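Undergrad: From the sequence below, what's the structure:
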Amino acid sequence: MSDIRIRAAVRSDEAAMTALDQRTWAPDNAITPPPRDGFPFFDHLHRPEEFLVAERDGLLLGFVRVVQPVPVDSNSHVRQIQGLAVDPLERRLGIGRSLLEAACDEARRQGARRITLRTLSSNLPAIRLYESAGFRVEGVLPEEFLIEGAYVDDVLMGRPL
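TA: Below you'll find the predicted structure:
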């Protein structure tokens, strides 16, 4: 892991992040349709400064998005992970854990006291990773999504910083 560097994303990462998003999309980790060629990764709702990336020798291996989930003053102490992806060929090497730790550090730097996330009940590897990083299930929305003909729960997780 010492050769992995976590840094803030920049606009020039867009093509690599788009390609990674396409490689990592699966019905057990996404509620949206697969990402399509020609659509921007960054837009006015998904800005580069909201993302951290993991890279080795200039090759992008993963990313995480950290945002304030509800943009009002009364929620300014909370950050939410809204997307975590690790290249399938690089999984189980600690990159996801490093991105989670970096996301928590960034949330603290921004003055947050808590960090939350949502994941699908069908994404058991992600749930295990989040739990191992100190996140706990704080709620479940049963059958919140219908994905490929099956109802899937939305699992709400969080932890103090």
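
Undergrad: for stretch 17-25, what is the average pLDDT?
TA: Averaged over stretch 17-25, pLDDT sits at 91.

Undergrad: go on, stretch 118-136?
TA: Mean per-residue pLDDT for stretch 118-136: 96.

Undergrad: dump the residue contacts of Thr24.
TA: Shown in contact with Thr24 (C-beta atoms under 8 Å, 6 or more residues apart in numbering): Ala85, Val86, Asp87, Pro88. In short, each C-beta sits where N, CA and C put it, glycine included.

Undergrad: same thing with Ala9?
TA: Met17, Pro48, Glu49, Glu50, Phe51, Leu52, Val53, Phe63.

Undergrad: which residues of the protein fall in helices?
TA: With DSSP state H as the criterion, the chain has helices at 14-24, 95-109, 124-132.

Undergrad: list the helices and strands the longest one packs on?
TA: In other words, helix 95-109. strand 5-8, strand 51-56, strand 59-67, strand 78-86, strand 114-120, helix 124-132 (3 or more C-beta pairs under 8 Å, 6 or more residues apart in numbering; DSSP states H and E).

Undergrad: partner residues bridging the residue nearest to Glu106 when sequence neighbours are not counted?
TA: Distances taken as C-beta to C-beta, 6 or more residues apart in numbering put Val66 closest to Glu106, at 5.3 Å, once the chain neighbours are dropped. Applying DSSP bridges to Val66 gives these bridge partners: Ile81.

Undergrad: where's Val66 relative to Arg136, distance?
TA: Here Val66 is placed at a distance of 19 Å from Arg136 (C-beta to C-beta, to the nearest Å).

Undergrad: Of these two, which one has the most company?
TA: For Val66 versus Arg136, the count of surrounding residues by other C-beta atoms under 10 Å is larger for Val66: 26 against 11.

Undergrad: can you pull the contacts of that one?
TA: Glu50, Phe51, Leu52, Arg79, Gln80, Ile81, Gln82, Ala103, Glu106, Ala107, Gln110, Ile115.

Undergrad: in this structure, which helix or strand is least confident?
TA: Across the helices and strands of the chain, mean confidence by mean pLDDT, DSSP states H and E is lowest for helix 14-24: a mean of 91.

Undergrad: May I see the buried residues of that one?
TA: Residues of helix 14-24 classed as buried under the neighbour-count rule (16 or more other C-beta atoms under 10 Å) are Ala16, Met17, Thr18, Leu20, Asp21, Thr24.

Undergrad: measure Gly94 to Ile127 for me?
TA: Plainly put, Gly94 is 18 Å away from Ile127 if you go by C-beta to C-beta.
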